[in-house]
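**Student:** What follows is a predicted structure for the sequence shown.
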There are 2 protein chains.
Amino acid sequence: MKSVINELEEKGRTAKAISRHMAYLSTEVKNKALTNIANDLIAKRDEILAANQIDQQEAEKADMTAAMLDRLLLTSERLESIAQDVLAVATLPDPVGEVFDMRTLPNGLLIGRKRVPLGVIGAIYESRPNVTIDISSLCLKSGNALILRGGKEAVNSNSALAKVVQGAATRAGMPNGAVQFIENTDRTLVAYMLTMSDIIDLIIPRGGAGLIKFIKEKAAMPVVAGGIGVCHTYVDESADLAKAVAIAYNAKVQRPTVCNALDTLLIHTNIAEAYLPLVATEWVKADVEMHCDKRALSILKSMPSLKLVPATGDDWGKEFLSLVAAVKIVRSLDEAIGHIEDYGSGHSEAIVAQDYSTAMRFLNEVDAACVYVNASTRFTDGSQFGLGAEVGISTQKMHARGPLGLKEMTSYKWLIFGSGHVRP
Amino acid sequence: MKSVINELEEKGRTAKAISRHMAYLSTEVKNKALTNIANDLIAKRDEILAANQIDQQEAEKADMTAAMLDRLLLTSERLESIAQDVLAVATLPDPVGEVFDMRTLPNGLLIGRKRVPLGVIGAIYESRPNVTIDISSLCLKSGNALILRGGKEAVNSNSALAKVVQGAATRAGMPNGAVQFIENTDRTLVAYMLTMSDIIDLIIPRGGAGLIKFIKEKAAMPVVAGGIGVCHTYVDESADLAKAVAIAYNAKVQRPTVCNALDTLLIHTNIAEAYLPLVATEWVKADVEMHCDKRALSILKSMPSLKLVPATGDDWGKEFLSLVAAVKIVRSLDEAIGHIEDYGSGHSEAIVAQDYSTAMRFLNEVDAACVYVNASTRFTDGSQFGLGAEVGISTQKMHARGPLGLKEMTSYKWLIFGSGHVRP
């Protein structure tokens, strides 16, 4: 173990030393690194997919759930989509060096803030190998050095992808070692990494609730945590029912294994009898299992071949990450907001409503990273939001909230230009 | 102890419940609360100064240092200055509700970010009773509820000031209980407060290095820490010597007990013989003790009546908080930057230089919250920076850096307006 820890420290010190130079890289070099990554993802797809195949086979042997296998899977199409996201990041403005709030004070001091990289980012993540690329592209473009520590289940995929990033960055003229990859997946190494507060400026955890809790408790440095999405969609009595069906269907079915998928559907009592059979008819085609409260059960019980389960207390506030939805009938907007306040994780919450005041109250009063009117919560995503990609989705209020893009990977420093100024 | 913890929890729950309403207060009500505070600080000055007298007497009995007594002291003049800062906060724009980055995505979704309060701020601080007012005014204006826990040594002053705030806020129409004050100064109560992560959204520690280390280690919620200022002023060979004397004098002498005061003076070797006697002549008038490296000692040793001490390794990177300065001769800008990198606390760093490129390199390469050219580091202050006042000065890169004003006491949420949008 000791030699592995030495290696980790060595990698950390290298990243720290390099991070000072990363702050001064030209936008051209950083963009070149990103286009190299995008090109190599396609050029080296056979190697990458072969590495992913090994992970897939191991995962099947280990009896992983379908949700986990899906998160792990790379395909040609997914690689192309990941490469597109990298190119999108390349087209975004470089956040580093931006000067803002610049002004002259009454005493003549010229003062403002200049955007700077955070330094060294530590990414600790599970399953999804695309995280290796998403985080790398955003960190390189924002001038941060990076230490990647992916999950055991994706180690072959992650290693292949990290090599792509490292090669692409070096070829573009970035200092060697800007992206460090920890091959060893021993969990004690994660614990040690969390003590390296003199080297790592920020830890980004991505994974299940267990990993995130562990990291928040143990990390000696700041953490931007999130990714746990207990997402509600509230269908108001004023809703356009066709839109409400399409939105609930999309939010639950389009990719059920991710954090912005619908978990609980809240329905206003006055339209429950009209709406619930419509959404149930669509959901059952996609094999969605509905965990219903009593009233919802009684509305649906006469419909054939639905997958209905009586809801228990555990269903409220649960992140299903699968084709399961909890369903609850509420008497009012206030009850819906109250339920979200009690059970939401502060990730993404939606209302479907045609009544203007109702929609605006929901927008104002629901306290979450992303609040939607008449749209699917599936849009909560850095790429969808126009940030190019995302390092993660923050459900905390400090530093940044929602998808973490380029700007969220930076800090600033105050610049003060005087001409001999002293404080009176 | 149990009943005190119950009381703390009760106060916390009240603040949490009220924090939801605080988000919707009109700017008018918030500004009225601030003008009430400013007026009451003057109207009730006798009570406040009498309470402060009790703390002063206790402190003298306890043999506190002059620096600590100074931090504790309230006077009519200081109250007036504090009241002015509160009024300055009232004139600042209300950050809450500001909408930014609003745009229409190619798919027609209208998306942007809206500024919201953080929720409940926990302030844990030592000595300086003005912190009670500074933090209260900024938190109230930014729509946050607040739990104040000041130091034992200032408990009478803080209690009197907290009563002023509470009365002023309620009279303005704010919900009762927006500002909670913890009278009990038992340290186990602080430890308990740091576990209340379901109630307190952010902890702001203000005090000595020991307090801040304790809080960073123990807090279950995010912390914005700072206030430890190991501040350097580098006098370059190109410096205007008169300005360099005035700046070093001001940075060390104007208020030596605070975090933005000069600790180490770095001097380029080529001007050391010309400059050092000039600054020593001024400093000795204010009774400054100089901890000098060998070269500086040899330059100054023939001057009469200076307070010279040979520097030891401990002097570099030390926050003196008193009329002591470390003095070191360096051979180059690089050595100065390297010394600051090794020993600075990332607070405030200054260069005095007439050479443009040298000044710009210092600005770019020194990694600190505030970097100055030709000005005293004493300006690092929310009020001086035009933020009205400050909740503290952050030396970390996450969330906010440098003086924490109104905007830094907020978060944002993403608002997404659709018309039936689903993700393809």
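**Tutor:** Nice, thanks for sending it over.

**Student:** A:I351 falls within a strand, correct?
**Tutor:** Yes - secondary structure assignment places A:I351 in a strand (DSSP: H, G, I helix; E, B strand; the rest coil).

**Student:** Show me what it is bridged to.
**Tutor:** Applying DSSP bridges to A:I351 yields these beta-bridge partners: A:Y234, A:V373.

**Student:** Let me see the contact set for it.
**Tutor:** Shown here is A:I351, whose contacts under the criterion Cβ atoms under 8 Å, 6 or more residues apart in numbering or on different chains are A:233-234, A:236, A:336, A:358-359, A:362-363, A:372-374. Quick note: C-beta positions are derived from backbone N, CA and C, even for glycine.

**Student:** give me that answer again for 6 Å
**Tutor:** When the contact criterion is Cβ atoms under 6 Å, 6 or more residues apart in numbering or on different chains, the partners of A:I351 are A:234, A:359, A:362, A:373.

**Student:** A:F362 versus that one, what's the distance?
**Tutor:** Summarising the geometry, the distance separating A:I351 from A:F362, computed by Cβ to Cβ, to the nearest Å, is 4 Å.

**Student:** And A:P93, by the same measure?
**Tutor:** Per Cβ to Cβ, A:P93 is found 33 Å from A:F362.

**Student:** Compare these two (neighbour count), which wins?
**Tutor:** For A:P93 and A:F362, the more surrounded residue by other Cβ atoms under 10 Å in any protein chain shown is A:F362, and the numbers stand at 23 against 10.

**Student:** In the helix or strand hosting the more buried one, which residues are buried?
**Tutor:** Counting by DSSP states H and E, the element that carries A:F362 is helix A:356-365. Using 16 or more other Cβ atoms under 10 Å in any protein chain shown as the burial criterion, the residues of helix A:356-365 that qualify are A:358-359, A:361-365.

**Student:** Between those residues, which sits nearest A:F379?
**Tutor:** Distance ranking of the buried residues of helix A:356-365 against A:F379, using Cβ to Cβ, places A:L363 first at 15.0 Å.

**Student:** Go ahead and confirm the closest one touches A:Y372.
**Tutor:** No - using Cβ atoms under 6 Å, A:L363 is not in contact with A:Y372, being 8.6 Å away.

**Student:** got any ranges where the stretch 101-250 of chain A has weak pLDDT?
**Tutor:** Judged by pLDDT under 70, the stretch 101-250 of chain A has no weakly predicted residues.

**Student:** and if we set it to 90?
**Tutor:** The stretch 101-250 of chain A contains residues with pLDDT under 90 at A:126-128, A:184-188, A:197-198, A:206-214, A:216-228.

**Student:** secondary structure class for the residue nearest to A:C139 when sequence neighbours are not counted?
**Tutor:** Counting by Cβ to Cβ, 6 or more residues apart in numbering or on different chains, A:C139 lies nearest to A:L146, which is 4.4 Å off, once chain neighbours are set aside. At A:L146, secondary structure determined by three-state DSSP is strand.

**Student:** Got the domain ranges for chain A?
**Tutor:** Chain A resolves into domains spanning A:2-224+A:404-417, A:231-379 when parsed by automatic domain parsing.

**Student:** Mind putting those into CSV with distance to B:Y343?
**Tutor:** What follows is the domains of chain A, written out as CSV (distance: least, Cβ to Cβ, whole Å):
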stretch, distance to B:Y343
domain A:2-224+A:404-417, 14
domain A:231-379, 39
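
**Student:** on that earlier part again, out of the contacts of A:I351, who's nearest A:M221?
**Tutor:** Sorting those by how near they are to A:M221, with Cβ to Cβ, puts A:F362 at the top with 36.2 Å.

**Student:** any idea how far the closest one is from chain B?
**Tutor:** According to Cβ to the nearest Cβ, to the nearest Å, A:F362 and chain B sit 10 Å apart.
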